[in-house]
Structures are given as C-alpha cells and as structure tokens.
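**Q** take this sequence and fold it.
(2 chains)
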Number of protein chains: 2
Amino acid sequence: MGPPPRQSAAMLTLLAPLLLAAAAAPAPPTPAEIVAAAPASAWRTVKPENIVVFESPVGRLVVELAPQFAPAHAEAVRALVRARRFDGGAIVRVQENYVVQWAARPEGGAPLVSQPPDQRGPRQRPRLPAEYERDARGLTFTPLPYKDVYAEAGFVDGFPAARDAREGKAWLAQCPGMVGAGRDMPPDTGDGSELYAVTGHAPRHLDRNTTALGRVLAGLDGWDGLKRGSGDLGFYPNDSERTAVTSAHMASEMTGFGSWQVMDTTSASFAAYVKARANRTGFFVRQAGATDLCNVQVPVRSVPTRAK
Amino acid sequence: MGPPPRQSAAMLTLLAPLLLAAAAAPAPPTPAEIVAAAPASAWRTVKPENIVVFESPVGRLVVELAPQFAPAHAEAVRALVRARRFDGGAIVRVQENYVVQWAARPEGGAPLVSQPPDQRGPRQRPRLPAEYERDARGLTFTPLPYKDVYAEAGFVDGFPAARDAREGKAWLAQCPGMVGAGRDMPPDTGDGSELYAVTGHAPRHLDRNTTALGRVLAGLDGWDGLKRGSGDLGFYPNDSERTAVTSAHMASEMTGFGSWQVMDTTSASFAAYVKARANRTGFFVRQAGATDLCNVQVPVRSVPTRAK
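**A** Down below sits the predicted model:
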C-alpha cells in the first residue's frame, strides 16, 4: 500500500519476470520493462578510471566522475584517492532535503572521526578552477522533450545536464545523486577534498554555482539513511557523531569489482524510457504527460564481471 | 564549506542578527531576511484542529491537515488519532529519494513493532473517496511567477498546489514534506490509517494519483534520518527494524503545545520571498532567475505560546 517505487539500480535484477509478462500484455511497456528489454548497444560501460568506490560502515558509495565537465576536479579526486587521503575520511554533514557531504583527512593527519571539526587543518592541495560550465560544442546533448524551469534540460553521456544555446554553454544539472565539490565563499576554493551528493529536491539554483563533478551510481540510500547533523547546515557538531569513510579506491585499482553500465542517453531505448516515465501506467490513474529532468533517473546497472 | 543551507523552520530563530545587518547593507534582502522582517499580518496561525503531532523515538512529526482539499481524509485521520490508533503504530517504510511511510495499528491490535508485516490485519475503517483534486472555485490560488513542468503551479493557503484552468480543478502538489494517504491499486482504497511524507525529488507524477492531505510542519529530518528499509519499495522486512510511532495527538487536545504559523502566501512578504528565492545572492555567483515550485519552501514557524 502506498505510492509506487522509483526506479533504482537495485531493482533491475528483479525485472526478468516483468519482461516475460510484457510479451503477453497489450499495455504500453513500463519504464522497467523498457530497461529490461534494452539491447546491449543501449548501454555504455563506465570507464574504471572514472569510478571511485568509497567504503563506509553504512555501505559502499560508487561514484562516476565526469571529466568531460570537470577535468581538474576529476583528476584531483583521483589523486586524493591514490594518496589514500579518503582513507580515514568521514561523512561530516547530512542535511535533510539537501546534501550528504564527506571529507578527506588532511595530508598526514589523523582520521577525521577522531578530530574535532575545527581541526581539520588547512587544505593542502592547490585550489582548483571553478568548473561550473563548459563550451557546449563537443558534447552530444539529448534534449528532454519537456519543459524545464531553469534552462534547457537534457542529457549528456548519461548525466542530467542543461544548456544555454545563446551562450553556447552546457553544465551538469544538480539532480539527486549528483556529486559536487564543496567550496567556501570564493568560487575557486574547492579542492576536491570535500565532496557532496545531492539528496532531496534538486537544488537546481546550485547549477553553475558549484562544480558538479559526477554522480552516484549506487549506495546513496545507505549514506542518506544517517541521522541528520544537528549543527548549522546539517554538520555534525561532535566528531563522535561522524561516520567514517574507511577507504576509497579507483575501480581501476580493484580486482573483481565488475563493471557498471549507464543507459546510453542517445539510444532509442532511452527515448522510450523517458516517454514511459512521463506517462506511467498501472498504479497511475492520470498520466502526467511530462517529467521533470530529475525524475527521469537514467538507468544504471552493475555487471558482475567486467564487460568485454 | 559546501552548498548553502535550505530554508528551514529551525533556522528562523537565528535570524535576528541578520535582520540588523540588513538595515545597514545595500544588497537586496535575502529570503531569510524577508522572513524575519515579515509583519504579523503576513502569517497565518494554523488551526489546532488541523495539527496532528506524531511522537516517535526519532522525534516529533508535526503535520498540518488540509481539509479544504481532502475533507474526508482529514476527518478520518482526526478520528484515528482520537481513537488512539496511531499509538502503537510504526514507521513501516523509508525509501530513499521518495517517501517515509507510517501506519496505525489495527483496531484492537497489538503495537505494529511487534507484529510481522503480513499480520497487520484488514483495515477496519471504511474506504474513503479519492480526494485527488477539487473545484478550483472557492480557493485563493496565488500563481508561482515561473514555469512548471507539470501544470500551472502556485500556492493555496500556504500549500504548494497546481491547477488546470480549463478543467477548473486544483490540487495539492507533491513536494517534499507533503503528506498523503497510502492506497492499494484501486483509487478509493486509502483509509487514512497509512500515511506517507514525500522526501527526495518531488514525485509530481503522483499529483492527482493519490490523496495529498496535508504537509509536515516540522520533524521530517528526524524521520527521514532512518536507515532505509531493505525490502521492496523500502519497506522493512522485519518488524524489529521498524521504528515505533508511540502516540499521536491533535494539537487541540494538547496543553502548552504553542502554535504554528505558516506564511500567508497571498502576502507581499511571500511574493518578495519567492522572488528572493529565485535570485539568490551571497554564495551564488549566478542567479537562477526562477525557482521550481518545490524549491520555494513556504516559511513556517512555531510560536511558544498560542497566538491570540
């Protein structure tokens, strides 16, 4: 009883019976059925050098970097991972309807869960440029065929995105699950050592105001299922309330990790999926006839052995 | 470091210093400053007979009912509260980026935290009509001056809402914090004994597909900070994983509860607030120039002693 489920990567393993049912049913295919029926050519395998795996007691967070939008940030995160700076990091902030945020430990510093918040030490990496938007040329932008409140919405390489044709710029849209770099007031003060994942209603007003550098492929349910921080902005006032980030690795360093695939947002399967998301059946007595960019939720799936 | 805070009721007590600062500053007022400066006439005191207070170990959830949209459901919830059916209820479902859902115990039944999920027993209240939309006449609808993906968006009595001028219908919009009635597949199978609060990105495709009957005034951060259910749709497969709803009361039954106020969405203060939400300053280097309906977040505040 209750509202129906959102699409999630975890559900995709359950869909085989639905696929069989669809063959006999005259109803238009559901989003889940379209995902299950999508051919191999409709999936893009994520490069292992773009996957970061953060480990914590509340589960593994798998993040895909987006170097085509934030090359300096992607490289900084890779460098921090390889320097083991996220081992001994912590989830420092969980703010309802906004973000989960985590930080690397200072270089040579003790694990963050054993330090008071004001002794995280100065960041020791160079500041990075504000990678808020980029030239739209060189990207394949697939427009969402519905309205957007903030810009022209669409998809690039499986990421929710937006663009301004007049300015010739494109940027990542800050939908739930998108990952960005925390910063202080000056725009160029992010250094990749403090990251946030969007939860809650998409704060699209953040678009082009922080560097979005990737998105969560899996695990945000575990991290967002933490008690919210009681301090200002959802920070934990006491170090003992933090949850450790025990380690982080690039998927390219890991053996037996398998691979992740994201639906190709230029594919016919994806176009059908978007249309079905806008016109849901089953539980729904009235079809919306449209969908917000952030309600599309580009399908992702894990593949146990690395795709050939 | 990181993205700035969303507006929250809890923050409003912190705003007096900002108000003083605003007097000296030439910058346009921020949303928080507008809220702090709003005259008493810009606030509506919520009727105590429309406030339900659910108690749990993860805090108190304060809900405002919307009988102007869902009269039968509002009355059913009041009756369940007065019959003490939510005492011994439980939070039965927490699904990431979607809903927190809780249930009353069956009439005469044991507390829900000590029963397996399949023995919640038949519901014993009569089914309620599907209160999905209503005649737009008789409502004061204040349009949002920006686009909406799904319909015409606006506000009615402090609630996010939408309307269709051609059909002459209005309905509550399922933004984060909105409360609705769970139902089975047939539209008229909700009975008010199982409620959900929206979390995550607004599932506006639910608009006019379930009965939205009110909204959370406070406490959703506590309830959504629970470990997500590992079962299908975020339900908890084991009763031991549920969190109890220990009791529920109408504010009109409680002494010393104080009162709650919601900003009058027809007021000049609210219009200024919406505009400021669409054009944020400070941390923001680029103003969005628009805001999604669900990012407006109508201000609410608690008043320790009941307003006269």
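
**Q** CA only for contacts and neighbour counts going forward, please
**A** Fine.

**Q** kindly provide the distance from the closest residue to A:Val156 other than its chain neighbours to A:Ser230.
**A** Leaving aside its chain neighbours, A:Val156 sits nearest to A:Phe141 (5.1 Å; criterion: C-alpha to C-alpha, 6 or more residues apart in numbering or on different chains). A:Phe141 sits 40 Å away from A:Ser230 when distances are taken as C-alpha to C-alpha, to the nearest Å.

**Q** the more surrounded of these two?
**A** In this view A:Phe141 and A:Ser230 are compared by other C-alpha atoms under 10 Å in any protein chain shown, and A:Phe141 has more residues nearby, 22 against 16.

**Q** does that one touch A:Phe155 like I think?
**A** Yes. Shown here, A:Phe141 and A:Phe155 form a contact pair, counting by C-alpha atoms under 8 Å, at 5.7 Å.

**Q** using CSV, write down the CA coordinates of stretch A:87-99.
**A** Extracted as CSV, the C-alpha positions of stretch A:87-99 are listed here (Å, rounded to 0.1, in the frame of the first residue of the first chain):
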residue,chain,number,x,y,z
ASP,A,87,41.0,6.5,4.0
GLY,A,88,40.3,7.9,7.4
GLY,A,89,37.9,10.5,6.0
ALA,A,90,34.4,11.0,7.3
ILE,A,91,30.8,11.9,6.5
VAL,A,92,30.8,15.3,8.0
ARG,A,93,27.4,16.6,7.1
VAL,A,94,23.9,15.2,6.4
GLN,A,95,21.3,17.9,5.8
GLU,A,96,17.7,16.9,5.3
ASN,A,97,16.4,17.5,1.8
TYR,A,98,19.8,18.8,0.6
VAL,A,99,23.1,17.0,0.8
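
**Q** can you give me the mean pLDDT across that stretch?
**A** Averaging pLDDT along stretch A:87-99 yields 97.

**Q** next one: stretch A:278-298
**A** On average, stretch A:278-298 scores 96.

**Q** run through the residues that contact A:Gly231.
**A** A:Pro237 (C-alpha atoms under 8 Å, 6 or more residues apart in numbering or on different chains).

**Q** for A:Arg78, that is, sorry about that
**A** A:Arg78 sits next to A:Val52, A:Met250 when contact means C-alpha under 8 Å, 6+ apart.

**Q** got a pLDDT number for it?
**A** pLDDT, A:Arg78: 98.

**Q** do A:Gln119 as well
**A** For A:Gln119, the model assigns a pLDDT of 46.

**Q** where does chain A dip in pLDDT?
**A** For chain A, the stretches with pLDDT under 70 are A:1-26, A:114-125, A:305-308.

**Q** for the residue nearest the centre of it, give me phi and psi.
**A** Centroid check for chain A by C-alpha atoms, centre = their mean gives A:Arg215 as the closest residue, at 2.1 Å. With angles defined as degrees, to the nearest 10, A:Arg215 sits at phi -150, psi 160.

**Q** what's the answer for A:Ala271, then?
**A** The phi/psi pair for A:Ala271 (degrees, to the nearest 10) is phi -60, psi -40.

**Q** tell me the contacts of it?
**A** A:Ala271 makes contact with A:Thr265, according to C-alpha under 8 Å, 6+ apart.

**Q** from A:Arg242, how far out is it?
**A** Applying C-alpha to C-alpha, one obtains 41 Å for the distance of A:Ala271 from A:Arg242.

**Q** quick check: residues of the stretch 101-250 of chain A near chain B?
**A** The stretch 101-250 of chain A comes close to chain B at residues A:101, A:146-150, A:176, A:181-187, A:194-196, A:199-203, A:205-206, A:208-210, A:220-222, A:224-228, A:233, as judged by C-alpha under 8 Å from any C-alpha of the partner chain.

**Q** filter those down to just the ones in strands.
**A** Among those, the members found in strands (DSSP state E) are A:Gln101, A:Ala181, A:Glu194, A:Leu195, A:Tyr196.

**Q** can I get those residues in JSON lines with neighbour count?
**A** JSON lines is the format used below for those (neighbours: other C-alpha atoms under 10 Å in any protein chain shown):
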{"residue": "A:Gln101", "neighbour count": "27"}
{"residue": "A:Ala181", "neighbour count": "27"}
{"residue": "A:Glu194", "neighbour count": "24"}
{"residue": "A:Leu195", "neighbour count": "26"}
{"residue": "A:Tyr196", "neighbour count": "27"}
